[in-house]
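Undergrad: With the sequence up front, the predicted model follows.
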Amino acid sequence: MYCATCGKEIPDGSVFCLQCGHTVASASHKSSRSGMTALTIGVVVVMLGGALIVGVAVLAYLYNEQLKPDQEASQPTRRTVTNPIRQPERVSIVDKTFPVGAKQFVYYTIPLKPGITHVMGHFTAQGGSNDIEVLVLDQDGFTNFSNGHIAKTYYTSDGYVTTGTIDLNLHSGTYYVVFNNARAILTNKVVTAKIDAEF
């Protein structure tokens, strides 16, 4: 760099000429100031551009978040409601072939749960006249029947029969299904019965 007044070479960035003392900083300062100004403007523009991008991204995010509840609210809520069909529980009262002696009876207890119980089944008698009397009694009826008294029945085969079907509903309590061979004097009967209780 050279002094504009005396033409002597002076170090770059000098404010005064060392030979003539003339101020030489005005030109360099102008250039450096204009350089600094351009740099500052560039930095500011970059910063503003970055801030603008970040601001747009934030606004877009907030806008989407604000729309979400409305979108979710506009969609119907789907609920799966299951009403399982209750399968009835079946318990065997008797499922076998057994003898009933002359002037005797055989009974089986009907297990019941609270509510209504469906009792169903079939029986067949063999021996002698191939007949048997079948009754369904509650606790009081069974006690009266056991002592030879008249008893209330929930099912009766209407006397002695060879075969029959039981199909009735019973409420809570204690019940008995009775196979009666009291009419026979000498002949034992063989009964095949399959009777179930369904809750």
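TA: Noted; the coordinates are in hand.
Undergrad: now Ala51, what's its secondary structure?
TA: helix (DSSP: H, G, I helix; E, B strand; the rest coil).
Undergrad: Let me fix that, I meant to ask about Ala184.
TA: coil.
Undergrad: What is the burial count for the nearest residue to it once chain neighbours are set aside?
TA: With CB to CB, 6 or more residues apart in numbering as the criterion, Ala184 has its nearest non-adjacent residue at 4.3 Å, and that residue is Ala102. Bear in mind the C-beta positions are built from the backbone N, C-alpha and C, glycine included. Per other CB atoms under 10 Å, the neighbour tally for Ala102 reads 15.
Undergrad: mind checking how far Ala102 is from Ser172?
TA: 35 Å (CB to CB, to the nearest Å).
Undergrad: low-confidence ranges in this structure?
TA: 24-46, 66-77, 80-83, 86 (pLDDT under 70).
Undergrad: can you give me the helices for it?
TA: Taking DSSP state H as the test, the helices found in the chain are 25-74, 139-146.
Undergrad: chain center to the last one, what's the gap?
TA: Just to be clear, that refers to helix 139-146. 48 Å (CA atoms, centre = their mean, to the nearest Å).
Undergrad: same question, stretch 78-97
TA: With CA atoms, centre = their mean, you get 19 Å for stretch 78-97.
Undergrad: Can I get it in CSV, CA atoms only?
TA: What follows is stretch 78-97 as a C-alpha-only set of coordinates in CSV (Å, rounded to 0.1, in the frame of the first residue of the first chain):
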residue,chain,number,x,y,z
ARG,A,78,-65.3,-48.1,17.3
ARG,A,79,-66.0,-50.3,20.2
THR,A,80,-66.1,-54.0,20.1
VAL,A,81,-68.7,-55.2,22.4
THR,A,82,-68.7,-58.9,23.0
ASN,A,83,-71.7,-60.6,24.5
PRO,A,84,-70.5,-64.2,24.9
ILE,A,85,-73.3,-66.7,24.5
ARG,A,86,-73.4,-68.7,27.7
GLN,A,87,-73.1,-72.4,27.1
PRO,A,88,-75.3,-74.4,29.4
GLU,A,89,-73.6,-76.7,31.8
ARG,A,90,-74.8,-80.2,31.8
VAL,A,91,-74.4,-82.7,34.7
SER,A,92,-75.3,-86.4,34.6
ILE,A,93,-77.8,-87.5,37.2
VAL,A,94,-77.7,-91.2,36.1
ASP,A,95,-76.3,-92.9,33.1
LYS,A,96,-76.2,-96.6,33.6
THR,A,97,-78.1,-99.9,33.8
